[in-house]
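K.L.:
Here is a sequence with its predicted model. Questions after.
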Amino acid sequence: MMSMISEEEARRRVLQSVHLLGERAVPLSRALDCFSAHEVVARLPLPMFDNSAMDGYAVVASSAGKGARLQVVGEQAAGIDRGLRISPGEAVRIFTGAPIPKGADAVVMQEDTTRKGDEIVVTVGVDPGEFIRRRGCDLAEGQKILARGERIRLTTIAILASQGFADVTVGGQVKAAIVSTGDEVVMPGKKLNQGQIYDSHSILLQTLVQRCGASVTLAEHCPDQRERLIEAIRRGIKSHILVITGGVSVGEHDLVQATLRSVGARIDVWRVAIKPGKPFLFGEAGGCALFGLPGNPVSAFVTFLQFVRPAILKMMGANNLNLPKMPVRLAVDFANEGDRTHYVRGRIDNGTFVPIGRQESHALFGLSQSNALLRVAVGESLKADAIVDVQTWD
């Protein structure tokens with residue numbers, strides 16, 4: 001029997017065992033939350049040409065002092081550059097985003113002029129460069145716009161589109177299979193018998209997998225029957241990862257570890273010094289990463305975030321495998337006198353972390369009201385009002 005190992009060692013073994021999948025090109029419209037496979041640099045400056053920041057008149061600043069009369073010699077709208085040119089004493093009617101005519105070095109807002117036929121009278125002083133967006137002032141050619149392994153966000157897609165990219169090369173698509181176990185578990189929508197519970201694990205894990213950017217290729221429930229479990233595992237290991245929930249402890253009905261070994265799986269991790277979530281299992285079979293999560297929903301949630309999520313992100317090519325963190329003020333004291341790292345579920349309200357509900361591994365309601373995890377190491381004591389970092393998932 002394997003001895004209990006530290007959370008850090010379990011994570012190291014998991015990440016050492018999983019590997020980056022092959023890259024793929026996807027249209028920008030489908031690239032959201034993927035991870036860039038390469039560094040991307042700008043191939044076009046932004047703006048691509050000097051243009052007007054206002055609706056008004058392009059002028060030569062030295063001839064456009066307060067009270068100056070200027071002859072309007074043309075009009076330039078946003079769009080095709082008409083190749084207009086002006087000299088001192090002249091102006092071109094111009095609109096926001098339109099290219100600046102040759103010879104002009106400023107734009108005067110239309111509100112600061114009075115139009116009289118083909119002339120304007122300038123009612124304010126005009127400085128050189130006023131209301132002109134210079135070529136490349138926002139983004140220069142060759143400037144890095146996306147790092148390798150960086151998550152592609154909504155705004156990243158916009159900057160890529162501005163460069164004329166129709167698609168982007170990203171990390172591989174992780175395919176995940178999810179198998180829940182247990183005779184006591186019934187799928188939602190079906191009748192409960194005395195002593196049974198509804199399956200909250202499968203939908204929770206499917207959502208967590210999808211939130212990571214992976215796809216769920218198989219999701220099924222399996223009773224505590226060895227042959228049925230073998231069949232489900234053989235179907236599941238056709239995916240990149242297989243997540244099995246329940247049945248990974250040491251009870252007579254906990255069949256997962258023995259069944260995995262019987263189909264040739266290698267078990268690298270079993271039992272981790274983490275609370276909730278000690279009966280966590282990790283291994284490999286036929287190139288598929290195997291994760292056995294505890295049967296209690298809170299334990300499954302915590303162990304997924306700490307071990308499964310970073311593995312999926314590494315396989316997808318992410319350069320940051322950690323959950324987002326936020327500094328908060330603690331509402332109460334926390335102390336961990338046990339032998340396992342404790343993840344306390346709680347809520348951030350106005351910058352303060354407050355523990356929510358019962359902290360037992362079955363307490364799903366408290367988890368449903370939480371939005372952060374506080375990690376309290378073995379032997380650690382934290383005082384109320386201390387500023388610490390907590391992990392968030394929303």
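P.N.:
Arrived safely.
K.L.:
Pairing partners for the closest residue in space to residue 138 that isn't next to it in sequence in the sheet, please.
P.N.:
Nearest non-adjacent residue to residue 138, counting by C-beta to C-beta, 6 or more residues apart in numbering: residue 46, 4.3 Å away. Heads up, the C-betas are built off the backbone N, CA and C, glycines and all. With DSSP bridges as the criterion, residue 46 is bridged to residue 139.
K.L.:
just the one 5 residues further on next, same as before
P.N.:
When bridges are called by DSSP bridges, residue 51 pairs up with residue 99, residue 133.
K.L.:
Can you name the helix or strand that residue 15 falls in?
P.N.:
According to DSSP states H and E, residue 15 maps onto helix 7-17.
K.L.:
Kindly report the same for residue 314.
P.N.:
Counting by DSSP H and E, the element that carries residue 314 is helix 309-316.
K.L.:
do residue 157 as well
P.N.:
Residue 157 belongs to helix 154-162 when assigned by DSSP H and E.
K.L.:
Packing partners of the helix holding residue 314?
P.N.:
Packing partners of helix 309-316 (3 or more C-beta pairs under 8 Å, 6 or more residues apart in numbering; DSSP states H and E): helix 7-17, helix 201-212, strand 241-245.
K.L.:
Okay, buried residues for the following helix or strand past the second one please.
P.N.:
Think helix 201-212. Once the chain leaves helix 201-212, the next helix or strand it forms, by DSSP H and E, is strand 215-222. In terms of neighbour count (16 or more other C-beta atoms under 10 Å), strand 215-222 has its buried residues at 216-217, 219, 221-222.
K.L.:
same check, this time on stretch 48-63
P.N.:
Buried-residue list, stretch 48-63, by 16+ other C-beta under 10 Å: 50-52, 54-61, 63.
K.L.:
and if you look at stretch 324-344?
P.N.:
If you call a residue buried by 16+ other C-beta under 10 Å, then stretch 324-344 has these buried ones: 328, 330, 334, 336, 340-344.
K.L.:
what's the answer for stretch 161-170, then?
P.N.:
162-163, 165, 168-170.
K.L.:
go on, stretch 194-210?
P.N.:
By 16+ other C-beta under 10 Å, the buried positions in stretch 194-210 come out as 199-202, 204-205, 208-209.
K.L.:
SS state for the nearest residue to residue 374 once chain neighbours are set aside?
P.N.:
Closest residue to residue 374 apart from its sequence neighbours, by C-beta to C-beta, 6+ apart: residue 344 at 4.3 Å. The three-state label given to residue 344 by DSSP: H, G, I helix; E, B strand; the rest coil is strand.
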